[in-house]
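Student: Attaching a predicted model along with its sequence, questions to come.
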Number of protein chains: 2
Amino acid sequence: MARVGLTPERLAQAGAELADEVGFDEVTVSALARRFDVKVASLYSHLKNSDDLKTRIALLALEELADRGAAALAGRAGKDALAALGDVYRDYAREHPGRYAAAQLRLAPETAAASAGVRHAQMTRAILRGYDLTEPDQTHAVRLLGSVFLGYVTLELGGGFSHSAPDTQETWTRVIDALDALLRNWPAPSIPSD
Amino acid sequence: MARVGLTPERLAQAGAELADEVGFDEVTVSALARRFDVKVASLYSHLKNSDDLKTRIALLALEELADRGAAALAGRAGKDALAALGDVYRDYAREHPGRYAAAQLRLAPETAAASAGVRHAQMTRAILRGYDLTEPDQTHAVRLLGSVFLGYVTLELGGGFSHSAPDTQETWTRVIDALDALLRNWPAPSIPSD
DNA sequence: TGTATTTACCTAAAGGGTTTAGGCAAATAC
DNA sequence: GTATTTGCCTAAACCCTTTAGGTAAATACA
């Protein structure tokens, strides 16, 4: 009965690695117990339940992503910053698909509010300081950028762009070009036609 | 032992309803059997396995969505068409969150190729006929639109935009405005800076 | 350094989902 | 009206989750 030294943190870390290997949906308390060569019930001293595990993995991923984002944004502005943050998400998803999926987990509102998720919103807003947008357009733009990053990375990772020319790297570059052009030239509201 | 009249189609349909009620992830062969007041094993004459069920629900959702898209695009072009297709996705996700989640299921390549998924790509391309884009820019734009629609609807539905002004309807309108402006003014490739 | 307490992992068991094998009765064919 | 097919059944194995209660290792402290 040698003690293994389990902690919620180590379990979340190992869970994140497991997620990258087998997919976030395949992460189970049982599989994690196997990985530590320990009985399943033992994990329940450190974890409330299966959801608790998944939440911890999600929080870990959000934090890693925010750290990478902050590092990438340091000293950059405008389109440079835009491209850098976009690359952070895209590269992270390719390196750590399981963690990236975890970061998409729907968290309880209070959990989300206390998570690194808020740093993500702040970073996107920081990028927009390099463009000439005031409220409420800035919020619209934050939401648009979030949508594009999430949607693009999800589709590319899921194979939605596969086996078709041109390659996805080229599209990615052009999407960043397009977003930059759009932000520099943000349109006024159109007049409702009815 | 009265016969209930199960068929793969009825099961997929009921599964779709179940998904909207309890969430796509909560759809299980067991729950579906309960709904038909039938033993679980009975469903396995009509379904290969749990994955088969989920795939059928996904295909059903993709088809419904494509049908709605086609109806919405009929007789429209340009920004009108763009807004109409976007609304189709957004409204469908709100009316049928479980089905919408199902439509996001990663399908096996051959399954995807034979699904209504291809009609979706065609519809997006059809919209771009109202703008002055040639290949490969058209493909870049198709991918961008797909990303925005997927990302926006996912975030809005997941509560990612909640409790913050301005409201999401306004942002949605402005996002469509922005995409229209972008497509009318699609930027040439930028010169790599290194 | 020896004893008391806490802590970490264990066994056992119940409950639910998935899936296969084999049986019987209802529908259908002729 | 009999033969065949088909549809739903029982039974059982396997895996994951979660709780209850036990034992041994680590720690506290005299």
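Tutor: Done, it's in.
Student: Quick check: buried residues in stretch A:75-86?
Tutor: A:76, A:79-86 (16 or more other CB atoms under 10 Å in any protein chain shown). In this view, the C-beta of every residue, glycine as well, is placed from N, C-alpha and C.
Student: likewise stretch A:166-183?
Tutor: Applying 16+ other CB under 10 Å to stretch A:166-183 flags A:168, A:171-183 as buried.
Student: which residues touch it?
Tutor: Where contact means CB atoms under 8 Å, 6 or more residues apart in numbering or on different chains, the residues beyond stretch A:166-183 that reach it are A:78-79, A:82-83, A:86, A:90, A:128, A:131, A:133, A:141, A:144-145, A:148, A:152, A:156, A:161, B:136-137, B:139-140, B:143-144, B:147, B:178, B:181-182, B:185-187, B:189-190.
Student: Would you mind measuring from residue A:42 to residue A:6?
Tutor: 7 Å (CB to CB, to the nearest Å).
Student: More neighbours: which of these two?
Tutor: residue A:6 (18 against 14; other CB atoms under 10 Å in any protein chain shown).
Student: For stretch A:117-134, which outside residues touch it?
Tutor: For stretch A:117-134, the surrounding residues in contact (CB under 8 Å, 6+ apart) are A:62, A:65-66, A:69-70, A:73, A:77-79, A:81-82, A:85, A:107, A:138, A:141-142, A:145-146, A:183-184, A:186.
Student: mind checking which helix or strand of chain A has the lowest mean pLDDT?
Tutor: helix A:109-113 (a mean of 94; mean pLDDT, DSSP states H and E).
Student: After it, which helix or strand is next?
Tutor: Remark: after helix A:109-113, the chain's next helix or strand is helix A:117-128, criterion DSSP states H and E.
Student: in that following helix, what counts as buried?
Tutor: So, applying 16+ other CB under 10 Å, buried residues of helix A:117-128: A:117, A:119-120, A:123-124, A:126-128.
Student: thinking residue A:158 is in contact with residue B:106, fair?
Tutor: Yes. Between residue A:158 and residue B:106 there is a contact at 5.3 Å, judged by CB atoms under 8 Å.
Student: thinking again about what came up before, dump the buried residues of helix A:117-128 to TSV, plus distance to residue A:29 and pLDDT.
Tutor: What follows is those, written out as TSV (distance: CB to CB, whole Å; pLDDT from 0 to 100):
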residue	distance to residue A:29	pLDDT
A:117	24	95
A:119	29	97
A:120	28	97
A:123	33	98
A:124	34	97
A:126	38	97
A:127	39	98
A:128	41	97
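Student: Please identify which of these is nearest to DNA strand C.
Tutor: residue A:117 (29.4 Å; CB to the nearest atom of the strand).
Student: per-residue confidence for residue A:1?
Tutor: What the model reports for residue A:1 is a pLDDT of 59.
Student: didn't residue A:137 look like it was pressed against residue A:186?
Tutor: Yes. Using CB under 8 Å, residue A:137 makes contact with residue A:186 at a distance of 5.8 Å.
Student: Among the buried residues of stretch A:166-183, which ones are in strands?
Tutor: In strands, judged by DSSP state E, none of these are found.
Student: Please name the nearest non-neighbouring residue to residue A:53.
Tutor: Closest residue to residue A:53 apart from its sequence neighbours, by CB to CB, 6 or more residues apart in numbering or on different chains: residue A:47 at 5.2 Å.
Student: mind checking which helix or strand the one you found is in?
Tutor: Counting by DSSP H and E, residue A:47 is part of no helix or strand.
Student: Also the one 5 residues further on?
Tutor: In this structure, residue A:52 sits in helix A:50-73 according to DSSP H and E.
Student: That helix near DNA strand C anywhere?
Tutor: No. In terms of CB under 7 Å from any atom of the strand, no part of helix A:50-73 sits within range of DNA strand C; the closest distance is 10.7 Å.
Student: helices and strands around that helix, which ones?
Tutor: helix A:8-22, helix A:29-36, helix A:78-95, helix A:97-103, helix A:117-128 (3 or more CB pairs under 8 Å, 6 or more residues apart in numbering or on different chains; DSSP states H and E).
Student: quick one on the thing from earlier: mind listing what's buried along the least confident helix or strand of chain A?
Tutor: Quick answer for helix A:109-113 (16+ other CB under 10 Å): residue A:112.
Student: Can you give the distance from that helix to the centre of its chain?
Tutor: 16 Å (CA atoms, centre = their mean, to the nearest Å).
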